[in-house]
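Engineer: No letters, just coordinates:
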């Protein structure tokens, strides 16, 4: 059983996640898209772990999950505070840091 | 010019003497005091005013006496030194005094050294003697000026600078004195700086002198490049080994410097405007000292000019043009001081002519310089005395019939007048006669022109005399002419006596022999006519000029205002022969255009490039600034674009 | 592979759905479907531990967190699909397509050789094998994640925490003033202004109390410390002098005092002269 389809799927999911980050404006949805991208990477890690018969890939996926969890916690807290002060969850509204 | 092709005669004649001073000892170690006294006077008078705070006003009370005493002391030392010099053997008459090393740069070592030789000795006597008399005269003339102390400080500074000029042992120290003279003349011409015309005249004199100074500075630079030194001794020794082209260039540059200082064409325009200064200044600058510096420079640099005949020819041309130019100006002016200024220009032209004639003329140049120093100072001070009595009016058309009101002034002025026109027996007769004689002997064209100049001199000086002292009274209302106080008339009397008697210098060819150690022995040329015939012709020419003046001015009524319907030549002469306009057209106007062109180029090219670059950077920044729009998604897009680039690049590298 | 071919389209469709649904809740549900499908794929890839973790951590914890925040922010908020940044959407799609195509093509083209498989590695059980590696080779990274997680938790606490503020009302302020008066005798009303009753309203002149004594509380403490306080009664006298000098008509109440001092002021002595001129 070749892992090529898994890799292709991983690439497709990653790309879809990236496009989602670029086009959606709701900060929460943007975060979901980031999660899709991370999961696509995880799929690649796990697939390659099987390809090489080495569990390090699974360990890497595990770490990605841990970091993703931490990131989501902090990120959502930030979204909360922004929403509290601006009554908006749009990433475009937080655009004061510019020229 | 046939003169330029004149071969140098051999054996004893035409040998250019080398400057080789012996160390100053005994009496001559006082040499530095000649400069030191007036310098100290100047320092005390100029710096002491604010310093003497405790006795404020005290310095103003006796400051003029201090100035006069320092000048007189300087004269006393000069006289002593001169007598001591006479007592020496002819070969021992060059004395050097090394004061200190001025500066030392690489191989150039310049000492603040003095050289005392017959040429310097005569100048010392003239400068300090006439200077002292002018100091005395100024005590009376400047009595009501509240800045009299400062005036005497400037006078002392001027004398010190001039003495340094003539006592210098090398060209750089000479240049130092030269610049000091320029500075002092600027301060003195513009002494009444509250008058805009005086301020402008001072500026004009200063700037035109700077033009000449460039020539002198370049000449000194060239000398250092050629001979490795600027000492008279070294240069005079090595000059014969240098190429004639180099010497010609040096000579022409020196001539430029001399033209600036001595108001020779084409740098003559400042002299007439310089009459804005107080009259004693006019006497000091235009008779005894500053304007003679150019003649001194040429005579002193004889070891260069003798080897550069082209430069000598240039001197002769410049001098001839100037002597006629000044004479023409003198005929048309109504301002008594400007007539005298024109005549000064003309007489300096005679001196330069003599100096340009080479060894044969040097001694006569100095001779005429001395006699002119006396009679011109006499006449300037006389004119000042007249102005003093006429409420500072300078227009001769408002004078007339003054000989009864001012007997002393009239008599002394008449002595000067007779001297300058060359009345037989008076000093000017002897000196001018010799110059014209020599000129005729060397080149008859120049000689004839000089002769014509002498005739014109007779004309305008007679006109001056007639308009001022004779005829009917044309005084303005409220003017009560009176004789000047004793302190002013005594110097006049002394100078008048010198004007009459200084012809004795020529007795037994004395001055020529005296100056031989400096300028060498002249090759003898037989004049085209016997000397007596030439003298007769000159006297006749002068008599013609005097007669013309008598018939044109003395016999007619002199209008109170100058007639406007006059010939073209008169109009031109009244306008200084358009000297200012020539300068304006040839130098100032192109210069102005050049500067405005450069300014425009600077603005368009340099500023344009710099500011354009800045504007381009600003524009680019404004464009790139828009990339930072604050939208996170926009930044994320950039990141994805970067990822894409990396992926494609990796792919391309792998496929290649 | 059957599971893959069934799940893969579901995953792609859910992922695409995230791009297009208008409501964030729907997106969250689609993501949940994606996560669960992914978990199953982990199972097919011989990663049972990750299968469990994926379901518990992602679908259980993280997505629940997402939903929780969505509740706070507002479930109903729909997002406008009008793009506000010029060229953003088109460029994003182009970039996405090119990137996706490139990756897919490359991934499809490469040959990876025979699959080793994890039978050997997982021989003692997947979880035990992972634990072996994690606590030996990756132990420092594992400890670092502990620090990361604690930091993240603290950060979330700090960011989400909101200080409770007590609102001060007029009523409570008034009560406090009365309490202060009862306890320490502090004056409950406003301080007297300087110059009140003093016929002089300069800031350095104290107000006069009804009994005629100056009120010290009407003067700034700074002026008292400097010693530049003026006397109110004295000022009152000077006011009358100024009025005389200005030639104003005297008020009846002060007429007596002005008559007393009429002769000793220069201004007053000058008055008859001017009157005489007028006459």
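Structural biologist: Received the coordinates, thanks. From a predicted model like this one, the values you see are computed outputs, not experimental measurements. Numbers count the residues shown, from 1 in each chain, chains lettered A, B, ... in the order given.

Engineer: Can you say which helix or strand has the nearest residue to residue B:147 once chain neighbours are set aside in it?
Structural biologist: In this structure, residue B:147 finds its nearest non-sequential neighbour in residue B:191, 7.7 Å apart by Cβ to Cβ, 6 or more residues apart in numbering or on different chains. Backbone N, C-alpha and C define where each C-beta goes, glycine included. If you go by DSSP states H and E, residue B:191 is not part of any helix or strand.

Engineer: ok, residue B:191 - how many residues close by?
Structural biologist: Residues lying near residue B:191 (other Cβ atoms under 10 Å in any protein chain shown) number 22.

Engineer: Isn't it up against residue B:154?
Structural biologist: Yes - assessed by Cβ atoms under 8 Å, residue B:191 is found in contact with residue B:154 at 6.9 Å.

Engineer: hmm, back to that, with chain C as the reference, measure out to the residue nearest to residue B:147.
Structural biologist: 56 Å (Cβ to the nearest Cβ, to the nearest Å).

Engineer: if I pick that residue, what's in contact with it?
Structural biologist: B:147, B:151, B:154, B:198, B:277-278, B:281 (Cβ atoms under 8 Å, 6 or more residues apart in numbering or on different chains).

Engineer: As a markdown table, those residues with secondary structure and pLDDT would be great.
Structural biologist: Below are those laid out as a markdown table (DSSP: H, G, I helix; E, B strand; the rest coil; pLDDT from 0 to 100):
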| residue | secondary structure | pLDDT |
| --- | --- | --- |
| B:147 | coil | 82 |
| B:151 | helix | 89 |
| B:154 | helix | 91 |
| B:198 | helix | 89 |
| B:277 | coil | 83 |
| B:278 | coil | 86 |
| B:281 | helix | 85 |
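
Engineer: other SSEs contacting the lowest-mean-pLDDT helix or strand in chain A?
Structural biologist: None of the helices or strands of chain A scores lower by mean pLDDT, DSSP states H and E than helix A:56-86, at a mean of 90. For helix A:56-86, the packing partners by 3 or more Cβ pairs under 8 Å, 6 or more residues apart in numbering or on different chains; DSSP states H and E come out as helix A:27-52, helix C:48-53, helix C:63-73, helix C:126-134, helix C:139-160.

Engineer: Try it again at 6 Å.
Structural biologist: Judged by 3 or more Cβ pairs under 6 Å, 6 or more residues apart in numbering or on different chains; DSSP states H and E, helix A:56-86 is in contact with helix A:27-52, helix C:139-160.

Engineer: what angle separates the shortest one from helix C:63-73?
Structural biologist: So that's helix C:139-160. 10 degrees (axes from the mean of the first three to the mean of the last three Cα atoms, to 10 degrees).

Engineer: Buried residues in helix C:139-160, which are they?
Structural biologist: C:145, C:148, C:152, C:156, C:159-160 (16 or more other Cβ atoms under 10 Å in any protein chain shown).

Engineer: what angle sits between that helix and helix C:126-134?
Structural biologist: 100 degrees.

Engineer: Not counting helix C:139-160 itself, show me its contacts.
Structural biologist: Helix C:139-160 is contacted by residues A:66, A:70, A:73-74, A:77, A:80-81, C:134 when judged by Cβ atoms under 6 Å, 6 or more residues apart in numbering or on different chains.

Engineer: which of these sit farthest apart?
Structural biologist: Using Cβ to Cβ, the contacts of helix C:139-160 reach their maximum pairwise distance at A:81 and C:134, which is 34.5 Å.

Engineer: returning to what we had before: closest one to residue C:101 among the helices and strands packed on helix A:56-86?
Structural biologist: helix A:27-52 (15.7 Å).

Engineer: That closest one and chain C in contact?
Structural biologist: Yes - Helix A:27-52 is in contact with chain C by Cβ under 6 Å from any Cβ of the partner chain, via A:28-29, A:32, A:36, A:39, A:46-47, A:50-52.

Engineer: State the pLDDT value of residue C:272.
Structural biologist: Residue C:272 carries a pLDDT value of 42.

Engineer: Likewise for the one 4 residues further on?
Structural biologist: If you check residue C:276, the pLDDT there is 40.

Engineer: Where does the prediction get shaky in the stretch 201-350 of chain B?
Structural biologist: B:287-288 (pLDDT under 70).

Engineer: Point me to the residue of it nearest chain C.
Structural biologist: Closest to chain C within the stretch 201-350 of chain B is residue B:278: 57.8 Å, counting by Cβ to the nearest Cβ.

Engineer: list the buried ones in stretch C:12-19?
Structural biologist: For stretch C:12-19, by 16+ other Cβ under 10 Å, it's C:12, C:14-19.

Engineer: for stretch B:93-101, that is, sorry about that
Structural biologist: Using 16+ other Cβ under 10 Å as the test for burial, stretch B:93-101 gives B:93-97.

Engineer: of the residues you listed, list those near chain A.
Structural biologist: Applying Cβ under 6 Å from any Cβ to those, none is adjacent to chain A.

Engineer: Turn these into TSV, including distance to chain C, secondary structure and pLDDT.
Structural biologist: Output for these, formatted as TSV (distance: Cβ to the nearest Cβ, whole Å; DSSP: H, G, I helix; E, B strand; the rest coil; pLDDT from 0 to 100):
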residue	distance to chain C	secondary structure	pLDDT
B:93	88	coil	83
B:94	86	coil	85
B:95	82	strand	86
B:96	80	strand	86
B:97	76	strand	85
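
Engineer: where does residue C:208 fall, phi/psi-wise?
Structural biologist: phi -100, psi 130 (degrees, to the nearest 10).

Engineer: Just give the number of residues close to it.
Structural biologist: Neighbour tally, residue C:208, other Cβ under 10 Å: 21.

Engineer: Residue 40: what's it in contact with?
Structural biologist: You didn't pick a chain, so chain A it is. Counting by Cβ under 6 Å, 6+ apart, the residues that residue A:40 touches are A:10, A:13-14.

Engineer: was after chain C, sorry
Structural biologist: Taking Cβ under 6 Å, 6+ apart, one finds residue C:7 in contact with residue C:40.

Engineer: Pull up the per-residue confidence for it.
Structural biologist: 94.

Engineer: And chain C, what are its domain boundaries?
Structural biologist: C:1-77, C:189-262 (automatic domain parsing).

Engineer: To clarify, my last question referred to chain B.
Structural biologist: According to automatic domain parsing, the ranges for chain B are B:575-625, B:630-656.

Engineer: Compare these and give me the one nearest chain C.
Structural biologist: domain B:630-656 (5.2 Å).

Engineer: Distance from the chain centre to the closest one, please.
Structural biologist: 82 Å (Cα atoms, centre = their mean, to the nearest Å).

Engineer: in that domain, what counts as buried?
Structural biologist: B:631-634, B:636-637, B:640, B:644.

Engineer: Chain C next: which of the residues you listed are close?
Structural biologist: B:631, B:634, B:640, B:644.

Engineer: Averaged pLDDT, the strand or helix carrying the last one. What do you get?
Structural biologist: Residue B:644 is part of helix B:632-655, with elements assigned from DSSP H and E. pLDDT averaged over helix B:632-655 equals 91, rounded to a whole number.
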